[in-house]
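Q: how would this look folded up:
(one chain, ligands or ions: 2)
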Amino acid sequence: MDEWMNYEQFDRQTWHSFFPTDTVRLTQGNLDEIKSLNDRISIEDVQDVYLPLVKLIQLRYQNFLEWQMQKANFLQRSTMRVPYIIGIAGSVAVGKSTIARLISILLNKMLPDKRVELMTTDGFLYPNAELERRNIMDRKGFPESYDMEKLLKFLNDVKAGEPIVKAPTYSHQVYDVQLDKPLTIDHPDILIVEGINTLQLPSNQQLYISDYFDWSLYVDANPDLIEHWYLQRFGMLLDTAFTDPSNYYYPYSQGDRKEAFKMAKDVWQRVDLPNLREFILPTKLRADVILHKTTGHLVDHLYLRRG
Ligand SMILES: Nc1ncnc2c1ncn2[C@@H]1O[C@H](COP(=O)(O)OP(=O)(O)O)[C@@H](O)[C@H]1O
Ligand SMILES: CC(C)(COP(=O)(O)O)[C@@H](O)C(=O)NCCC(=O)O
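A: Ligands and ions are numbered 1, 2, ... in the order given. Predicted coordinates for the structure are as follows:
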């Protein structure tokens, strides 16, 4: 069976032609904000790929608002403000959080009167101490390493319009969940939820976390390229750990750099790559849009689900 049968494929030129972006003027401030995300992010990608993508999200969001109104009319109630939730999935180090931040900047630009918030599911990993207690430290990122019930409850509270909902956070520098530094989600218009497990099926609950997503994106790339990006990020983590003994990577930053990279490559091969193959890639065809990246993080193709 053709796995792509439910998707239409577009190359970047065609994709760009759907929303020629001379209609949206990015100010120098917007560009600086985008640049500060990542020095190497390409402005061509922003114009050719991400602005049309965000335009599509805007259209879907308008449709959602319309539906909320019609539903309230039908149920003879006043319209409630229900957050629109976007899920972003893909491998460790494929660029999910960078894209999530970029989409949030562009959404703010296109919808200045709406409040957009951003979070990652990493905070719902069990803390390292608990992973160790369960003897699954080598399975960090695998389905059993997340408190999915807590994540479901969180999404449910946000969707139900609870005014203040707290989400635990995760630090790559500390390499652990930071229970003392929760993120407060305060009734946003749009919430972007990014994480490797956003499109995964539940192991034992009846509810799927993807049921809470109004729109979803999967970020795809060749695993060899993702390994390269993982190791590049590892290099950056080593550089920032250099002067900070509290950083998880500090000991690696003090020792032989070659040995440190050997260790990181081993972790990718033993943990993150099998996780990608077994549990993340199989969720790709559940996304509304699949964005395919190639060398240098450039997007070459997009796939849009039919219907
Ligand atoms: N569009 C991009 N251009 C250049 N580098 C990028 C881009 N997207 C991500 N990166 C880099 O790739 C690495 C992984 O990205 P990140 O957003 O942390 O991935 P994820 O959230 O999927 O783990 C980081 O070092 C990041 O700076
Ligand atoms: C916290 C993560 C599961 C999530 O990754 P992310 O998508 O934020 O890059 C991952 O970064 C991780 O720590 N994996 C375990 C193996 C490793 O150290 O790479």
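Q: wait, doesn't residue 15 sit right on residue 49?
A: Yes - at 6.4 Å, residue 15 counts as touching residue 49 under the criterion of Cβ atoms under 8 Å. C-betas here are computed from N, CA, C, even on glycine.
Q: Which one's more surrounded, these two?
A: Ranked by neighbour count (other Cβ atoms under 10 Å), residue 15 and residue 49 place residue 49 first, with 24 against 20.
Q: Can you name the residue of the stretch 101-250 of the chain nearest ligand 1?
A: residue 233 (3.4 Å; Cβ to the nearest ligand atom).
Q: what pLDDT does that residue get?
A: Note on residue 233: pLDDT of 93.
Q: Below-threshold pLDDT in the chain: ranges please.
A: By pLDDT under 70, the weakly predicted segments of the chain are 21-25, 35-40, 203-205.
Q: and with 90 instead?
A: Along the chain, segments meeting pLDDT under 90 span 1-5, 19-47, 79-81, 109, 161-163, 201-210, 240-246, 253, 255, 307.
Q: where do the strands sit along the stretch 51-200 of the chain?
A: All strands of the stretch 51-200 of the chain, identified by DSSP state E, counting those that start in this stretch, fall at 84-90, 116-120, 165-171, 176-185, 190-194.
Q: got the contact list for the fourth one?
A: Read it as strand 176-185. Strand 176-185 has contacts (Cβ atoms under 8 Å, 6 or more residues apart in numbering) with 117, 119, 122-123, 125-128, 158, 164-171, 191, 248.
Q: what touches both of residue 15 and residue 49?
A: Residues touching both residue 15 and residue 49 (Cβ under 8 Å, 6+ apart): residue 302.
Q: excluding its backbone neighbours, what's nearest the closest residue to ligand 2 within the chain?
A: Nearest residue of the chain to ligand 2: residue 141, at 3.1 Å (Cβ to the nearest ligand atom). Once flanking residues are discounted, residue 141 sits nearest to residue 275: 5.1 Å by Cβ to Cβ, 6 or more residues apart in numbering.
Q: I'd like to know how many residues surround that neighbour.
A: Close neighbours of residue 275, defined as other Cβ under 10 Å, add up to 21.
Q: how close does it sit to ligand 1?
A: Distance from residue 275 to ligand 1, counting by Cβ to the nearest ligand atom, to the nearest Å: 12 Å.
Q: Next, that residue: secondary structure please.
A: Secondary structure for residue 275, judged by DSSP: H, G, I helix; E, B strand; the rest coil, is helix.
Q: if we can go back for a sec, could the strands of the stretch 51-200 of the chain go into JSON lines alongside distance to ligand 1 and mean neighbour count?
A: Below are these laid out as JSON lines (distance: least, Cβ to the nearest ligand atom, whole Å; neighbours: other Cβ atoms under 10 Å):
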{"stretch": "strand 84-90", "distance to ligand 1": "6", "mean neighbour count": "26"}
{"stretch": "strand 116-120", "distance to ligand 1": "7", "mean neighbour count": "20"}
{"stretch": "strand 165-171", "distance to ligand 1": "11", "mean neighbour count": "18"}
{"stretch": "strand 176-185", "distance to ligand 1": "16", "mean neighbour count": "14"}
{"stretch": "strand 190-194", "distance to ligand 1": "6", "mean neighbour count": "25"}
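Q: now those as CSV including distance to ligand 2?
A: Converted to CSV, the strands of the stretch 51-200 of the chain look like this (distance: least, Cβ to the nearest ligand atom, whole Å):
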stretch, distance to ligand 2
strand 84-90, 8
strand 116-120, 6
strand 165-171, 6
strand 176-185, 9
strand 190-194, 8
